[in-house]
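1. model this:
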Amino acid sequence: MIRNRLRDRHEGNHPGYALACWLRDYKEQVFLFARDFTVDWTSDVSERGAEKAKRRQHASGCRHSLSALGRWCRLSSYLDSAAAHGTAALGAVRAVIGGKPWLPPLPAVS
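-> Numbers count the residues shown, from 1 in each chain. Below you'll find the model as predicted:
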């Protein structure tokens, strides 16, 4: 069995073995979420924006113009940022309609 793990395949080593080697080489990065609880344990946060646009386009059944997609992305980003800072979507929309849009707090200057 052990001699088969290094056997060359027509596309390189076995995918499971290649994954195991990659995890071994990058274990500090892979398991960072177990040591530092502020790190997200999934990469979904970084992919969420693109996925929402794709899902909306698929659900609506048509392709939108770039300007319409840009407006939708700005609105979606605004609501996501407000939610990340504890502001409800309805409150953020009310603030915009009232002429005082919600803005994230400025970082402290030291």
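2. quick check: which ranges of the protein have low pLDDT?
-> Applying pLDDT under 70 to the chain flags residues 1-13, 39-50, 53-54, 56-64, 110.
3. can you map out the helices along it?
-> Secondary structure of the chain, counting by DSSP state H: helices at 2-5, 15-25, 27-30, 32-35, 44-60, 66-84, 89-97.
4. make JSON lines from these and add distance to L103 to it.
-> Bear in mind the C-beta positions are built from the backbone N, C-alpha and C, glycine included. Output for the helices of the chain, formatted as JSON lines (distance: least, CB to CB, whole Å):
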{"stretch": "helix 2-5", "distance to L103": "55"}
{"stretch": "helix 15-25", "distance to L103": "41"}
{"stretch": "helix 27-30", "distance to L103": "33"}
{"stretch": "helix 32-35", "distance to L103": "30"}
{"stretch": "helix 44-60", "distance to L103": "19"}
{"stretch": "helix 66-84", "distance to L103": "9"}
{"stretch": "helix 89-97", "distance to L103": "9"}
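5. P104 is nearest to which of those helices?
-> helix 66-84 (6.1 Å; CB to CB).
6. list the buried residues for that closest one?
-> 78-79, 82 (16 or more other CB atoms under 10 Å).
7. out of the helices of the chain, nearest to P107?
-> P107 lies closest to helix 66-84 among those, at 14.4 Å (CB to CB).
8. return the list of helices and strands in contact with that closest one.
-> Helix 66-84 sits against helix 44-60, helix 89-97, with contacts defined as 3 or more CB pairs under 8 Å, 6 or more residues apart in numbering; DSSP states H and E.
9. who does the last one touch, helix- and strand-wise?
-> Using 3+ CB pairs under 8 Å, 6+ apart as the contact test, the elements touching helix 89-97 are helix 66-84.
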